[in-house]
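S.K.: task: produce atomic coordinates for the following.
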Amino acid sequence: EIGMGLTGFGVFFLFFGMILFFDKALLAIGNVLFVAGLSFVIGLERTFRFFFQKHKMKATGFFLGGVLIVLIGWPSVGMILEIYGFFLLFRGFFPVVVGFIRRVPVLGYLLNLPGISSLVDKVGESNNMV
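M.R.: Have a look, this model is predicted:
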């Protein structure tokens, strides 16, 4: 429960920090809360094993490097690196998320619209396993 709360607040602060034109403090708090919440949800050992798998080292470098750059004080550059690393790290989860969202009544309808459907299909057909 604590981990989900920390992760949720982390995502909220990250989103709010981006809305407020990449506010350094909000992005830094969001990053710390997100990583701490992820550690609480899946455990420290599993978090470490997830981030430091041999085939995910590039993605981990971009993600954690982006966090470090945001903490240093360059929020826009850090967030670009973080977002790239996030997509590399979690691309194996995207097909599951797309399948789940397609079952939600209103969001599923939006994802099945002609222009959006082809884009979502490309995101959802990732062959990489986590």
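S.K.: leaving out the residues flanking it, which one is nearest to Leu107?
M.R.: Excluding the flanking residues, the one nearest Leu107 by C-beta to C-beta, 6 or more residues apart in numbering is Ile101, at 5.0 Å. Every C-beta, even on glycine, is put in place using the N, C-alpha and C of the backbone.
S.K.: quick one: contacts for that neighbour?
M.R.: Contacts for Ile101 (C-beta atoms under 8 Å, 6 or more residues apart in numbering) come out as 107-108, 111.
S.K.: how does it look with 10 Å?
M.R.: 107-108, 110-111, 120, 124 (C-beta atoms under 10 Å, 6 or more residues apart in numbering).
S.K.: and if you look at Ile19?
M.R.: Contacts of Ile19 (C-beta under 10 Å, 6+ apart): Leu26.
S.K.: chain center to the helix or strand containing the residue nearest to Leu107, what's the gap?
M.R.: Element membership of Ile101, judged by DSSP states H and E, is helix 94-103. Distance of helix 94-103 from the chain centroid (C-alpha atoms, centre = their mean, to the nearest Å) equals 15 Å.
S.K.: after that helix, which helix or strand is next?
M.R.: Sequence order places helix 105-111 as the next helix or strand after helix 94-103, per DSSP H and E.
S.K.: and that following helix, average pLDDT?
M.R.: What helix 105-111 shows for mean pLDDT is 85.
S.K.: and it, how far out from the chain middle?
M.R.: Relative to its parent chain, helix 105-111 has a centroid offset of 22 Å by C-alpha atoms, centre = their mean.
S.K.: show me the contact partners of that helix.
M.R.: Under the contact criterion C-beta under 10 Å, 6+ apart, helix 105-111 has outside partners 98, 100-102, 104, 116-117, 119-121, 124.
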